[in-house]
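**Student:** Just to be clear, the model below is a prediction. Sequence and coordinates:
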Amino acid sequence: MRKFIASFAVAVSGIGFALRTQSHMRIHAFAGLSACVLGLIVSLKPLEWAIILLAIAVVMSAEMINTAVEQAVNLASPSIHPVAKVAKDVAAGAVLIAAAVSAIIGLLILGPPLWRLILG
């Protein structure tokens, strides 16, 4: 059990590092929190919540993997090597894809009930 708790603490520390040092991680966290607040306002169904939460988790996980890649590449290649640049660019591209698809998911799920709420 002690090993599990230690592993959990290390993971929480990694999340904290990403939130403290990565402005995009903070933006994603704010967007995810905003989506959850909107979900509460429009009373999402359980399946809709599952999809929204999965989308949030994918984006935040991708951002953290991007951060890990950037840190490892910076350590291994302090100067900008073309292969290091490709690794960082591909990791950033993965985050972009996840964020774009998550935004579409958010619009598809939250858009119609918010529109009805706005129109009264």
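**Tutor:** Looks like it came in fine.
**Student:** downstream neighbour of the strand or helix carrying Leu38 in the secondary structure list?
**Tutor:** Under the criterion of DSSP states H and E, Leu38 resides in helix 23-41. Beyond helix 23-41 on the C-terminal side, the first helix or strand identified by DSSP H and E is helix 46-76.
**Student:** Pull the contacting residues for the residue nearest in space to the middle of the chain.
**Tutor:** In the chain, the C-alpha closest to the average C-alpha coordinate belongs to Met60, at a distance of 1.8 Å (C-alpha atoms, centre = their mean). With contacts taken as C-beta atoms under 8 Å, 6 or more residues apart in numbering, Met60 has the following neighbours: Met25, His28, Ala29, Gly32. C-beta here means a position set from N, CA and C on the backbone, and glycine is covered the same way.
**Student:** Go through the residues you listed and name the one nearest Val95.
**Tutor:** Each of the contacts of Met60 was scored against Val95 by C-beta to C-beta, and His28 proved nearest at 8.3 Å.
**Student:** Any buried residues in the top helix by length along the chain, and which?
**Tutor:** Residue-count comparison of every helix in the chain, with assignments taken from DSSP state H, identifies helix 82-119 as the longest. Residues of helix 82-119 classed as buried by neighbour count (16 or more other C-beta atoms under 10 Å): 84, 87-88, 91, 94-95, 98-99, 102, 105-106, 109-110, 113.
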